[in-house]
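For reference, the sequence and a predicted model appear below.
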Amino acid sequence: MQEKVIILDFGSQYTQLIARRVRELNIYSEIHPFNKMPELDGNVKAVILSGSPHSVREENAPNPDLSEIQGKYPLLGVCYGAQFLAAKAGGVIMPSKIREYGRANLNYVDSSSELLKGVPTDSQVWMSHGDTITKLPESFNVIASTKDVQCAAYKIEDESTYAIQFHPEVYHSTDGATLLKNFLVDIAGFSQDWTPNSFIEETVADIKAKVGNDKVVLGLSGGVDSTVTAVLLNKAIGDNLYCVFVNNGLLRKNEFNSVLDNYEHMGLNVIGVDAEDKFLTALEGLSDPELKRKAIGKTFIEVFDEEANKLEGVKWLAQGTIYPDVIESVSATGGPSATIKSHHNVGGLPDFMKLKIVEPLRKIFKDEVRRVGKAMGIDPELLGRHPFPGPGLAIRILGDITKEKVSILQEVDHIFIQGLKDAGLYDSVWQAGAMLLPVQSVGVMGDERTYERVVALRAVESTDGMTADWVHLPYEFMADVSNQIINRVKGVNRVVYDISSKPPATIEWE
Ligand code: XMP
């Protein structure tokens, strides 16, 4: 049995952060859209209501029925959640007279409140709201205020129901973690036993129960998610897991052999398929990025399918899907149009394969995947690898793909990435790589005129790939890498560095 917190999502940009902050306390949390109430089984021990882009004053604002929750479970309303609970009981919510975004400091804290134990009177909090509670219902008592927001936190008498106007989940609320811990541990009684090891134990038991003695096939990519998926499954079902690792000819230099080696050393039952020629043939003459992606996706399915069909009696397909891929998000209009993203690396398998799906990481975030991997003894170097796109170097070679272009880019990329590692910069960069541009430029080498290719280097910092900024790499480092590339890679005579952020640019050029 795994105790859990339900986070009812009203569409706030911070909902995922609430889930993560709760999990950092070793307490398991799940996000559910407000309009799809989850089953309140014996494992649920508390509920949190998120913020929202909506105002409770709107006619069609989210308005779920909480009668099975309020007064029955410890309940914490955050921002919209606080206003919603107050409005529902007859409180008054008005547009704020002054803007309440960003930093603020409490100036009153009810020190006897269990929720605010250890929170100093002048604690810094993060506000982000256009409405404010101007009058609380009868049995609601203010337990914290700021200069501008009298009702920054309240408690409902005779209920374990608390609410706060500010956001405890953002780091700028310096005592946010204390407040969440007070709510979850002292008020709701969680035992904080959700750790990487407990996750591994539970997941391995789940896989055993679900899959039994069936055979499972998994496509390995060399990335963190598929590797951790493989090791978890291997723990549960041993050699009944068949991993397929495809060389599409668009991987980094030496990557196919070195990753294959790694997997074999880890004791995985892995089939390496060298399909370079097939992919390059499928890509012949294609310049449009989306057509290239499609050709690669289609070829991958063909190759994977052929391999899976060679294995007799396979019943399951394992995938490295993680939590952000499956969280049902509340749409900006608050309507019931919840969408689920599909995992874009595998891209769906043909219907006739009719395999059942097993996704052991579908409840955890990327950083948690890394922690689980570490707890299972996976090489830290493998766990710390930069993200790499499924279509590989094909979307870093602008225009059509040839074997010669791939090998030029592999050399350039290798010098850059190895350089980052040697200079101790690799781990502080979220993702780095090189692009081969469809441009030639004039240069001079020795006394000769050259007319050769241009490459662009890109290194970004990011937390999830959704937004990113270019990394201010040291000039000396860039000078050295540029020199090495031009001197060692035949066919390249110019190196440029990409200084665009995302948005408006993207990380990849295609
Ligand atoms: P962009 O270029 O959209 O990339 O800023 C964001 C992240 O996604 C990766 N990426 C892909 N990954 N298949 C993938 O598996 C793709 O087609 C693809 N396109 C971009 C990119 O490397 C970055 O980490």
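Arrived safely.

tell me what the helix or strand containing residue 257 is packed against?
With elements taken from DSSP states H and E, the one containing residue 257 is helix 255-265. If contacts are counted by 3 or more C-beta pairs under 8 Å, 6 or more residues apart in numbering; DSSP states H and E, helix 255-265 sits against strand 241-247, strand 270-274. C-betas here are computed from N, CA, C, even on glycine.

mind checking how far the first one is from the chain centre?
What that stands for is strand 241-247. Offset of strand 241-247 from its chain centre (C-alpha atoms, centre = their mean, to the nearest Å): 24 Å.

Sheet-wise, list the partners of the longest strand along the chain with their directions.
Taking DSSP state E as the criterion, the chain has its longest strand at strand 92-109. Here strand 92-109 has these sheet partners by DSSP bridges: strand 124-135 (antiparallel), strand 140-146 (antiparallel).

What residues of the first one count as buried?
Of the residues in strand 124-135, those scored as buried under the neighbour-count criterion (16 or more other C-beta atoms under 10 Å) are 124-129, 131-133.

if we take these, which one ends up nearest to the ligand?
residue 128 (25.8 Å; C-beta to the nearest ligand atom).

Tell me which of the helices and strands packed on helix 255-265 is the most buried.
Among the helices and strands packed on helix 255-265, strand 241-247 has the highest mean neighbour count (mean count of other C-beta atoms under 10 Å), at a mean of 22.

could you give the mean pLDDT of it?
Mean pLDDT, strand 241-247: 97.

Please put the alpha-carbon coordinates of that strand into PDB.
This file holds the C-alpha atoms of strand 241-247, laid out as PDB (Å, rounded to 0.1, in the frame of the first residue of the first chain):
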ATOM      1  CA  LEU A 241      13.200  -9.100 -21.300                       C
ATOM      2  CA  TYR A 242      14.500  -8.700 -24.800                       C
ATOM      3  CA  CYS A 243      16.000  -5.300 -25.600                       C
ATOM      4  CA  VAL A 244      16.500  -4.100 -29.100                       C
ATOM      5  CA  PHE A 245      19.000  -1.400 -29.800                       C
ATOM      6  CA  VAL A 246      19.000  -0.100 -33.300                       C
ATOM      7  CA  ASN A 247      21.900   1.600 -35.100                       C
END
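
counting contacts, what elements does it pack onto?
By 3+ C-beta pairs under 8 Å, 6+ apart, strand 241-247 packs against strand 215-220, helix 224-237, helix 255-265, strand 270-274, helix 289-310.

Show the contacting residues for residue 156.
By C-beta atoms under 8 Å, 6 or more residues apart in numbering, the residues touching residue 156 are 85, 89, 139-141, 162.

Return the distance of the longest strand of the chain from the chain's centre.
31 Å.

Output that strand as CSV, nothing but the C-alphas.
C-alpha atoms of strand 92-109 as CSV (Å, rounded to 0.1, in the frame of the first residue of the first chain):
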residue,chain,number,x,y,z
VAL,A,92,-16.2,37.6,-1.0
ILE,A,93,-13.6,37.5,-3.7
MET,A,94,-12.7,40.8,-5.5
PRO,A,95,-10.2,41.8,-8.2
SER,A,96,-7.0,43.0,-6.3
LYS,A,97,-6.6,46.8,-6.2
ILE,A,98,-2.9,46.5,-6.6
ARG,A,99,-1.0,43.9,-8.6
GLU,A,100,0.0,41.0,-6.5
TYR,A,101,2.7,39.2,-8.5
GLY,A,102,6.1,38.2,-7.2
ARG,A,103,7.8,38.6,-3.9
ALA,A,104,6.0,39.6,-0.7
ASN,A,105,6.7,39.2,3.0
LEU,A,106,4.3,38.0,5.7
ASN,A,107,3.8,40.5,8.5
TYR,A,108,1.5,38.4,10.7
VAL,A,109,1.8,34.7,11.4
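
So what touches it?
Against strand 92-109 from outside (C-beta under 8 Å, 6+ apart): 55-57, 83, 86-87, 116, 119-135, 142-149, 152, 166, 172.

Please apply the same query to stretch 169-184.
5, 14, 17-18, 20-22, 24-25, 27, 46, 74, 76, 78, 102-103, 114-120, 123-126, 162, 164, 166-168, 190.
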